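Engineer: give the three-dimensional model of this entry:
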Amino acid sequence: MLTKTRQRQAPTFPELQNYFRTLSDTARLEILDLLAANADDMTVGDLARRLNMSQPLCSWHIRRLVKLGIVRIQRVGREARCSLDRARVQEFQRAVKTWLGL
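Structural biologist: Residues are numbered from 1 along each chain as shown. Have a look, this model is predicted:
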């Protein structure tokens, strides 16, 4: 069975604004750094322990990254496994380069 893949459009200026606002927090940058460094998914609990923060606070930061579309969550039982959406990050990087005229 063939499935259609929905192609995303380039991020708009308001999406870029939200991108920078979301990445302005050190904790969220640290979460992205850990996810980028690991080829495997990481649980929210693993991320919280590695960053020495509470799990609810880590979940709050992850929700912001998920809403932006650069982190994916997959539920496995009671665990929430996080992974970096590298393709979406590249879309934002291309949009920033275009916006800056590079």
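
Engineer: how about residue 74, what does it touch?
Structural biologist: 41, 80, 81, 83 (Cβ atoms under 8 Å, 6 or more residues apart in numbering). For every residue, glycine as well, the C-beta is placed using N, CA and C.

Engineer: so which of those residues is the most crowded?
Structural biologist: residue 80 (19 neighbours; other Cβ atoms under 10 Å).

Engineer: wait, a strand at it?
Structural biologist: Yes - counting by DSSP: H, G, I helix; E, B strand; the rest coil, residue 80 is found in a strand.

Engineer: run through the bridge partners of it.
Structural biologist: Note on residue 80: beta-bridge partners by DSSP bridges are residue 75.

Engineer: quick check: it touching residue 73?
Structural biologist: Yes - using Cβ atoms under 8 Å, residue 80 is in contact with residue 73, at 5.3 Å.
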